[in-house]
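Asker: give me the fold of what follows.
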Amino acid sequence: MFKKIFDFVKSRLFITAFLLCCIFLLSILFWFWGSLVAFNDIYIFSSSFLRFSIILIIWLIVFLFFLLKPIINFISSLKSEKRLKFKVLKKEADEFIYKSKRNFFLSLKDAKETWKNDLKTKNLPLIIIIGNEGAGKSTFINYSDIEYPLSDSLESYKKFHKSTRNFALYVSKKGALLDTEGNYFSQEEFFKPASSDEIPEDDIDKNRDFLIKKNIWKKFLTFLNKNFFHSKLNGIILVVDTIIFLNNPKEYSKNLIRYLTKRVNECEKTLNLKLPIYIVFSKLDLIEGMKEYFDIFDKKISDKILGLSFDKILSEEFLNNEFKELSDSLLCSLMSKNSHIYNIENKNKSYLFLKQLDNLFALAKTFILEVQEENKLKNNSYLRGVYFVSAYQENIPRNFLLDAICEKYNCKKVLSKSNIIHNKQSYFVKSLLEDLIFIDYSLS
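Answerer: Modelled structure (predicted):
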């Protein structure tokens, strides 16, 4: 203990502080009693102006000796190249935030002007939709068959199918959806360190995109603290691209879990909320046989919910039983309608579609358990359910069972027939949002 005290007394900080205190005390003594100092009965310091001048000169010398160099270094840092780059990045991020806020308020204004007294925003839940670029987030919203007062924007989207840039608010009579750019969800992909001890700020030019995305995301979450709806936020929807998930289950899942955990953690810290998390697998139509299977049912089938909801901590046994029950129900429905299918090829496709769904269910089960394990270590938010949707039918479906067999035995994959799909119908989206997610607003 004495050694620590001795080392502290010898330290530069202590010596500097001690000297400054001594000089300060001497200055006080000199100011009040310096006038009493005399040489040959001459009181040379009797003038208060002289004493003040001497004290001022002494402190200027002290300033030059102790503080000038640190101040010069500080001023230099203000003008340093790195600081200027940070300033430019901040300015660019602020421009994005300004546009986001402007568009946010425009959407609110459009909704209020469209529905007037029928709309009470404080009664509406706000749900944020996150996921990788191209996962189908915007399609999930725009083809949900839910009315949003943004007809021009919707028609433009349906014509060009452009991905969302920045943030986009959609307000309906039952709830509001906040669409986000995929790059905000996977912002870490822009940071590629050359070594383990590198941080993004070390090379601003190389990590520019990451720093901007990170800054915008955090500032927009802070903006949500103003609480425009029932709560600052009422839930998080993670949209998963089913096709990429089936083709790269391990790598894709690992990244999804990492990004989801980070984004949920940031939402919790910024908004001080515990939120329900909904996992939604999109693009179900790209599994061959979906159209043939659901064509045997009434059109009202699209108004159902396909998936599982959770109200407790999940176990592998629970998920196995729930997915088996769901699979058996789908198979029984096919068997009961079997006599209504007159085309043998459509029967085969419908049956194989269910087998592909079983494979997807098995992979989804593993994914959900891994999400729960990682999420509970860092966050208080919880998994509310996993669901499967098809918002818009386009592109050519694949038979993933045949593809897997071909890969296993090193065979050439079967070429898919290019069929033009005329039935562009939303399956399981509207009911999922209006009958479940929007109703869950009290869970946050």
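Asker: using PDB, write out the CA atom coordinates for stretch 430-438.
Answerer: Output in PDB follows, covering the C-alpha atoms of stretch 430-438 (Å, rounded to 0.1, in the frame of the first residue of the first chain):
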ATOM      1  CA  LYS A 430     -52.900  -9.900 -44.300                       C
ATOM      2  CA  SER A 431     -54.300 -12.300 -41.600                       C
ATOM      3  CA  LEU A 432     -50.800 -12.600 -40.000                       C
ATOM      4  CA  LEU A 433     -50.600  -8.800 -39.600                       C
ATOM      5  CA  GLU A 434     -54.100  -7.800 -38.800                       C
ATOM      6  CA  ASP A 435     -55.300 -10.900 -36.800                       C
ATOM      7  CA  LEU A 436     -52.100 -11.600 -34.900                       C
ATOM      8  CA  ILE A 437     -49.200  -9.100 -34.900                       C
ATOM      9  CA  PHE A 438     -51.200  -5.900 -34.700                       C
END
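Asker: can I see the domain layout of this structure?
Answerer: Domain ranges of the chain: 2-78, 83-443, per automatic domain parsing.
Asker: got a markdown table for these, with mean neighbour count and mean pLDDT too?
Answerer: The way it works is simple: take the backbone N, C-alpha and C, and place the C-beta from them, glycine included. Output for the domains of the chain, formatted as a markdown table (neighbours: other CB atoms under 10 Å; pLDDT from 0 to 100):
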| stretch | mean neighbour count | mean pLDDT |
| --- | --- | --- |
| domain 2-78 | 11 | 75 |
| domain 83-443 | 17 | 86 |
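Asker: okay, how far is it across stretch 369-386, tip to tip?
Answerer: This stretch, stretch 369-386, spans 11 Å end to end (CA to CA, to the nearest Å).
Asker: let me fix that: stretch 57-72
Answerer: With CA to CA as the measure, stretch 57-72 spans 20 Å from end to end.
Asker: quick one, what contacts Leu224?
Answerer: Under the criterion of CB atoms under 8 Å, 6 or more residues apart in numbering, the neighbours of Leu224 are 126, 232-233, 270-271.
Asker: 7 Å instead, please
Answerer: 232-233, 271 (CB atoms under 7 Å, 6 or more residues apart in numbering).
Asker: again, but for Ala364
Answerer: Contacts of Ala364 by CB under 7 Å, 6+ apart are 281, 386.
Asker: which element is it on?
Answerer: Using DSSP states H and E, Ala364 sits within helix 344-378.
Asker: now Val386
Answerer: Following DSSP H and E, one finds Val386 within strand 382-388.
Asker: show me what that strand pairs with in its sheet, parallel or antiparallel.
Answerer: In the sheet, strand 382-388 lines up against strand 276-282 (parallel), strand 307-309 (antiparallel) (DSSP bridges).
Asker: that older thread, which ones among the contacts of Leu224 are found in strands?
Answerer: Among the contacts of Leu224, no residue falls in strands (DSSP state E).
Asker: TSV please, covering those and showing distance to Thr139.
Answerer: As requested, the contacts of Leu224 are exported to TSV (distance: CB to CB, whole Å):
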residue	distance to Thr139
Lys232	26
Leu233	22
Leu271	27
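Asker: end-to-end on stretch 371-386?
Answerer: Distance between the two ends of stretch 371-386: 12 Å, counting by CA to CA.
Asker: return the closest of the contacts of Leu224 with respect to Leu68.
Answerer: Using CB to CB, Leu271 is the member of these that lies nearest Leu68, at 45.7 Å.
Asker: residue contacts, that closest one?
Answerer: For Leu271, the contact set (CB under 7 Å, 6+ apart) comprises 221, 224-225, 232-233.
Asker: of the strands paired with strand 382-388, which is nearest Pro149?
Answerer: Across the strands paired with strand 382-388, closest to Pro149 is strand 276-282 (CB to CB), at 24.0 Å.
Asker: and the next helix or strand past that closest one?
Answerer: helix 290-294.
Asker: same for that next one, what does it pack against?
Answerer: helix 344-378 (3 or more CB pairs under 7 Å, 6 or more residues apart in numbering; DSSP states H and E).
Asker: what about the strands in the stretch 51-200 of the chain?
Answerer: Counting by DSSP state E, counting those that start in this stretch, one finds strands in the stretch 51-200 of the chain at the ranges 126-130, 167-171, 176-180.
Asker: distance to Arg258 added to these, as a markdown table?
Answerer: Converted to a markdown table, the strands of the stretch 51-200 of the chain look like this (distance: least, CB to CB, whole Å):
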| stretch | distance to Arg258 |
| --- | --- |
| strand 126-130 | 13 |
| strand 167-171 | 22 |
| strand 176-180 | 17 |
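Asker: between those strands, which one is closest to Asn320.
Answerer: Asn320 lies closest to strand 126-130 among the strands of the stretch 51-200 of the chain, at 27.9 Å (CB to CB).
Asker: just checking: what are the partner strands of that closest one?
Answerer: Strand pairing for strand 126-130, using DSSP bridges, gives strand 176-180 (parallel), strand 235-241 (parallel).
Asker: the shortest one to strand 167-171, inter-axis angle?
Answerer: To tie it back to what came earlier, the one meant is strand 176-180. Inter-element angle recorded for strand 176-180 and strand 167-171: 160 degrees (by axes from the mean of the first three to the mean of the last three CA atoms, to 10 degrees).
Asker: sweet, I'm off.
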